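In: Let me see the structure of the following:
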Amino acid sequence: MELKGQIEEFIYQNEANSYTIAVFQTQEQDLVTIVGYLPFIAVGDSLKLEGKMVVHQEYGEQFKVESFEKLMPETAAALEKYLASGTIKGIGPVTAHKIIEKFGEDSINIFKFEPLRLAEIKGISKDKAYEIGEEFNEKWELWQIVGFLEKFGIGANNSKKVFDALGKDAVEKIEDDPYILIDIVYGVDFHKIDRIALEIGIQKDSDSRIKSGIKYALLLASYNGNTCVQKESLIVYVEGLLEVDRKLIENVLINLNMQKEIVIEDFKGEEWVYLYPFYKAETNIAERLMKLQNFKNIKYIKNFKEEINKQETKQNIKLSEKQFEAIEQINENNVCIITGGPGTGKTTIIKCMLDLYKNHKKKVVLCAPTGRAAKRMTETTGEEAKTIHRLLEIGKIEENKLESIDTDISPIDADVLVIDEMSMVDIFLMNYIVKALFLGSKLVLVGDSNQLPSVGPGSILKDLIESEKIPTVSLNKIFRQAAKSKIIVNAHNVNNGITFIGKKDYEPDSEEDFFYINEANQDKMLYQVVSLSKERLKKYGDYDFFSNIQVLTPTKKGKIGTKELNKSLQEALNPARDDILEKNYGGVTFREGDRVMQIKNNYDIYWEKGREEINIKYENGTGIFNGELGRITKIDLEEKQIEVYFDDKKTAWYAFSELDELEHAYAITIHKAQRK
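Out: Purely as a prediction, here's the structure:
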């Protein structure tokens with residue numbers, strides 16, 4: 001929908017990115033709370049807004065701005081309100097009234113084309129009139145960058161960033177060289193910028209075009225998890241992308257390296273190319289880890305063996321030789337790695353170490369990269385574990401990863417920091433972690449290097465182990481209880497190159513926990529998945545789908561991709577009924593009881609925890625992150641919102657217009673399973 005009117009009052013405005021909450025008076029004189037990215041806007045500004053009404057659980061009805069256009073005030077009264085706001089230096093309410101009284105409806109033209117006539121107002125000199133006219137027109141031109149950037153696919157949320165980088169001549173600078181946007185906004189569409197640049201006459205073999213093609217190629221590689229690219233592979237790719245001679249590419253690479261925009265590093269006789277922020281992040285991590293490791297071991301516990309014996313007696317356990325070695329390494333070193341597959345006793349080590357340091361009045365902090373991993377850590381240790389994002393309070397810093405390499409991070413108050421599921425931590429997150437740790441704190445990295453690497457760039461755990469610079473204990477013994485599980489045994493078989501499939505196909509007709517059903521036909525595969533989820537596993541082991549079962553698939557498309565599987569599983573497990581409400585959005589039917597997943601980071605969404613549950617401390621806050629799972633508990637057709645209860649016991653509310661942030665999660669991709 002569209003609204004026209006004026007900004008009455010700012011409730012909140014983020015100076016860094018211009019995220020704004022304001023009171024807006026419409027032409028119909030209604031007062032509406034508006035939220036969105038509104039750079040270069042002041043009280044009194046006349047705007048045309050496009051967006052949608054949403055309902056915030058705490059703040060009520062709001063208009064969510066998707067795009068805006070700044071308008072010339074259409075009446076003398078509107079212009080007076082704009083001038084009276086103080087946005088133009090030297091004009092307050094009294095002077096604003098005098099100007100409108102003198103020039104009336106012609107006031108706009110006076111400011112734009114005849115500013116010296118403002119000296120006709122008592123108290124305004126000719127010099128002052130000139131300054132006022134210049135400032136009025138400068139501010140007016142400022143907002144035009146928002147509309148200008150839209151054709152490059154860059155939204156208002158990034159317009160302020162572009163202006164801060166380029167100044168008031170931003171439009172002219174971009175028109176001269178559109179490729180400068182590649183350096184400023186992460187994730188821009190290179191092909192769109194390239195097409196516009198060539199249309200306005202940028203030469204195909206210009207240095208700026210080749211430079212941007214190189215940077216785009218390196219960014220593209222980072223989306224696939226890489227921090228650097230072989231120089232030869234990079235040149236071949238850019239040759240194909242830009243259709244220019246390789247000699248030109250090689251010359252630009254030399255210049256970029258000299259200007260420290262990229263780094264070319266020789267490794268074992270091969271040249272590798274980094275974007276500078278990626279190289280800086282890797283260097284920060286390596287240097288800081290060595291500083292942490294080489295610092296005096298001030299958290300060392302004396303009489304270690306006696307203390308461990310007490311823990312074994314207290315917990316009624318007997319540590320294996322490797323488990324004992326792991327805890328000893330934690331005591332002997334400031335940084336260490338504990339790695340091993342499922343069932344090798346990592347959790348027992350964490351619990352034992354946790355009690356050991358707590359008994360010595362040391363603060364142990366537990367964290368993991370995802371909400372699901374943090375929840376599992378809490379359940380297995382009995383101690384609260386946080387996501388790394390929440391622990392570091394980094395919030396929206398993640399949106400500007402390349403610019404935030406050197407950003408100061410709030411320090412972590414911990415004697416010992418334990419990070420579980422380290423295989424999922426990328427270089428940006430690890431850079432923040434090592435910067436936040438005080439020298440003298442211990443860092444314990446726990447994970448399985450054979451798991452999928454992080455979604456973001458880098459393979460931190462694997463690389464650290466292979467570097468042999470950090471003391472590492474590899475757990476390879478499967479404990480007797482764990483060995484009863486065919487899942488765990490077969491996971492280790494796969495790592496050891498042994499096939500996990502026996503001569504006969506497995507069917508759920510025994511007490512085994514691992515079954516292989518051999519099907520080549522997709523219709524039969526779909527039938528098997530639905531049948532197992534709906535009835536057979538329930539009969540076999542009383543496994544309830546919503547509590548115990550998750551369907552994983554490698555793909556989104558096709559009959560056994562997430563899209564079709566979710567439709568089939570929803571129909572089988574939560575079909576339409578008269579007593580449950582549903583909402584259709586974008587061709588997808590959301591129904592009370594559906595399992596859903598958040599599919600993008602939303603730092604602003606409000607949530608509560610523990611309002612109605614017994615024995616759960618009440619909390620509230622903002623932020624639901626990519627990969628968090630929950631169930632729809634209520635659809636409110638009157639308030640136009642959906643209530644979702646997440647696995648970590650948070651409840652959040654989504655306006656119908658925000659349902660593009662959720663998708664069904666009866667079946668999810670293996671990639672998404674990693675994120676959760």
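
In: pLDDT-wise, which helix or strand of this structure ranks last?
Out: Each helix and strand of the chain was given a mean pLDDT (mean pLDDT, DSSP states H and E); the minimum falls on helix 480-483 at a mean of 59.

In: Can you name the secondary structure element that comes next after that helix?
Out: Helices and strands here follow DSSP states H and E; after helix 480-483, the next one along the chain is helix 486-495.

In: And the following helix or strand past that following helix, what's buried?
Out: Next along the chain after helix 486-495, taking DSSP H and E as the criterion, comes helix 522-531. In terms of neighbour count (16 or more other C-beta atoms under 10 Å), helix 522-531 has its buried residues at Met525, Leu526, Val529, Val530. C-beta: built from backbone N, CA, C; applies to glycine.

In: what do you get for stretch 436-454?
Out: 436-437, 441-449, 451, 453-454.

In: How far off centre is it?
Out: 20 Å (C-alpha atoms, centre = their mean, to the nearest Å).

In: gap between the two ends of it?
Out: 20 Å (C-alpha to C-alpha, to the nearest Å).

In: same question, stretch 337-345
Out: Per C-alpha to C-alpha, stretch 337-345 runs 14 Å from first to last residue.

In: can you list contacts of that stretch?
Out: Outside of stretch 337-345, the residues that reach it under the criterion C-beta atoms under 8 Å, 6 or more residues apart in numbering are 320, 322-323, 326, 329-330, 346, 349, 422, 444-450, 461, 464-465, 470-479, 481-483, 485, 487-488, 491-492, 495.

In: How far off centre is it?
Out: 28 Å.

In: ok, now stretch 123-131?
Out: With C-alpha atoms, centre = their mean, you get 50 Å for stretch 123-131.

In: and what of stretch 523-539?
Out: Per C-alpha atoms, centre = their mean, the centroid offset for stretch 523-539 relative to its chain is 34 Å.

In: Would you mind extracting the C-alpha trace of it into CSV?
Out: The C-alpha trace of stretch 523-539 is given here as CSV (Å, rounded to 0.1, in the frame of the first residue of the first chain):
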residue,chain,number,x,y,z
ASP,A,523,7.4,-42.3,-6.0
LYS,A,524,8.4,-45.3,-3.8
MET,A,525,10.9,-43.2,-1.9
LEU,A,526,8.3,-40.6,-1.2
TYR,A,527,5.9,-43.3,0.0
GLN,A,528,8.6,-44.8,2.3
VAL,A,529,9.4,-41.4,3.9
VAL,A,530,5.8,-40.5,4.5
SER,A,531,4.9,-44.0,5.8
LEU,A,532,7.9,-44.0,8.2
SER,A,533,7.1,-40.5,9.4
LYS,A,534,3.4,-41.0,9.9
GLU,A,535,3.0,-44.6,11.3
ARG,A,536,5.8,-47.1,11.1
LEU,A,537,8.4,-45.4,13.4
LYS,A,538,5.5,-44.5,15.8
LYS,A,539,4.6,-48.2,16.0
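
In: Poorly predicted segments of the stretch 551-676 of the chain, please.
Out: 674-676 (pLDDT under 70).

In: mind listing the strands for it?
Out: 551-553, 582-585, 588-591, 595-598, 602-609, 619-624, 629-636, 641-646, 650-655, 662-664, 667-669 (DSSP state E, counting those that start in this stretch).

In: Please spell out the PyMOL selection for the buried subset of the contacts of stretch 337-345.
Out: In PyMOL, a selection of the buried entries from the contacts of stretch 337-345 looks like this (16+ other C-beta under 10 Å):
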select buried, resi 320+322+323+326+329+330+346+349+422+444+445+446+447+448+449+461+464+465+470+471+472+473+475+478+482+485+488+491+492
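
In: which parts of stretch 72-86 are buried?
Out: Pro73, Ala76, Ala78, Leu79, Glu80, Lys81, Tyr82, Leu83, Ala84, Ser85.

In: hmm, back to that, now render the strands of the stretch 551-676 of the chain as JSON lines, adding mean neighbour count.
Out: JSON lines is the format used below for the strands of the stretch 551-676 of the chain (neighbours: other C-beta atoms under 10 Å):
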{"stretch": "strand 551-553", "mean neighbour count": "17"}
{"stretch": "strand 582-585", "mean neighbour count": "15"}
{"stretch": "strand 588-591", "mean neighbour count": "18"}
{"stretch": "strand 595-598", "mean neighbour count": "24"}
{"stretch": "strand 602-609", "mean neighbour count": "17"}
{"stretch": "strand 619-624", "mean neighbour count": "16"}
{"stretch": "strand 629-636", "mean neighbour count": "18"}
{"stretch": "strand 641-646", "mean neighbour count": "21"}
{"stretch": "strand 650-655", "mean neighbour count": "22"}
{"stretch": "strand 662-664", "mean neighbour count": "21"}
{"stretch": "strand 667-669", "mean neighbour count": "22"}
